[in-house]
Each structure stands twice: as structure tokens, then as C-alpha cells.
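Enquirer: test case, fold it:
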Amino acid sequence: MSLLHAVNQRPIERGFPEGSAELVLGMGCFWGAERRFWIQPGVWVTSVGYAAGHTPQPTYQQVCSGLTGHNEVVRVIYDPAQTSLANLLKVFWESHDPTQGMRQGNDIGTQYRSGLYLWTQEELDEALASRATYERQLKQAGLRAITTEVLAMPEYHLAEDYHQQYLHKNPNGYCGLRGTGVTCSFDP
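Expert: Numbering: from 1, shown residues only. From the prediction side, this is the model:
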């Protein structure tokens, strides 16, 4: 039996509609990042997990040690007929500070880095183009260069159940997610 999303009651591991697309992203702590995406039009379901590291089947405690190389990530399954990768990239760029390296605000460590993980070369090219455009916009606003990694889809490891939709289950839970205040405008 697959886990169900606490907000929309859809399976979070499999059973996605035909034609669905997938995006995995890291924006610091995955709790607030997941909430940012489950509310987006066209998103079928979200889950949180770990990716882009070297430890098989990592646990939260292992990832927090900084020794696994994994990033706290959100898996976004969406309907490309209802939203586009460009729309989701705009939400991604505007919802966190992609210039901070291995941190977001007070959350410091490799697991809090900014990252985009995609399946196809076309998606990677679109993400890289959006990164270059947004970086120019950030520099015009006096901010540093973007440190976001953009990689081919690594293995995704589903996080423990208590992390799934954490801010829905714990409405007063911690969320340190902050953007830069710079609007992302690009035409991929």
C-alpha cells in the first residue's frame, strides 16, 4: 500500500496519472518547500525525500550528519496540460534564496542546498536557461551569483512518514523558507 498525501489523499509513491511529469527540487528545509508546491495549480501530488547523495536508503538522522551528500528535496508530480515546468521554476526561484550555497537562512549544511533535478535534456536546458536569466536579475538587484545545482535526476529516497506534509500535520511548525524579493521573469 502506498502512502497517501495528507492534504489531497492521493498516493505519493506511484499510481500517477498517465502523462504526468516530475520535478525534484531542493530549497533548504523540505517542509516549507513541499507546502509551496502542493498548493500550485496543476500539481498532482508532492512528497519529501533525499536525493543527490551517495548513501543508499538514507535516514533523516544520517542526512543531518552531513556525511551522506544528500539534499532534502521535494518531489513534484504535475500535469503538464495544466501547468508548465516554467511556472514551477518561477515558484522555485522566487521562494528561496538560491545564492546561499549550503544553507537557507539559519539552516546550514549540505542537505539545505539549492538544487533542481530533472529527467530530460530539454528540461535540464530549460532549468539552466532560467537559472542564467534569474542570476542576471539577482545581480542587477545587487545579490550574489546563484549556487543552485542543476543535475540529471538522481535516485530519490522517500523520507520518513512524519516528514510528509509536515506543515499540514503541524500548522505551527518551523518554516525558514524566504525568497530574495526579486521577481523571476524569463521566457524559456
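Enquirer: I figured residue 11 was touching residue 17, is that so?
Expert: No: contact criterion Cβ atoms under 8 Å: residue 11 and residue 17 do not qualify, at 11.0 Å. The C-beta positions use only the backbone N, C-alpha and C, and glycine is treated the same way.
Enquirer: more crowded one of those two?
Expert: Higher neighbour count among residue 11 and residue 17: residue 11, with 16 against 11, using other Cβ atoms under 10 Å.
Enquirer: mind listing what the closest residue to the more buried one other than its chain neighbours touches?
Expert: Leaving out its chain neighbours, the residue that sits closest to residue 11 by Cβ to Cβ, 6 or more residues apart in numbering is residue 2, at 3.9 Å. Applying Cβ atoms under 8 Å, 6 or more residues apart in numbering to residue 2 gives the contacts 11, 12, 13, 14, 15.
Enquirer: between the residues you listed, which is nearest residue 57?
Expert: Distance ranking of the contacts of residue 2 against residue 57, using Cβ to Cβ, places residue 13 first at 14.4 Å.
Enquirer: tally of neighbours for the closest one?
Expert: Count around residue 13 with other Cβ under 10 Å applied: 13.
Enquirer: also residue 151?
Expert: Here the number of neighbours of residue 151 (other Cβ under 10 Å) works out to 15.
Enquirer: hang on, it packs against residue 71?
Expert: No: here residue 151 lies out of contact with residue 71, judged by Cβ under 8 Å, at a distance of 9.9 Å.
Enquirer: what kind of secondary structure is residue 63 in?
Expert: Classification of residue 63 using DSSP: H, G, I helix; E, B strand; the rest coil returns helix.
Enquirer: residue 112 is in contact with that one, correct?
Expert: No: using Cβ under 8 Å, residue 63 makes no contact with residue 112, being 10.2 Å away.
Enquirer: thanks a lot, see you next time.
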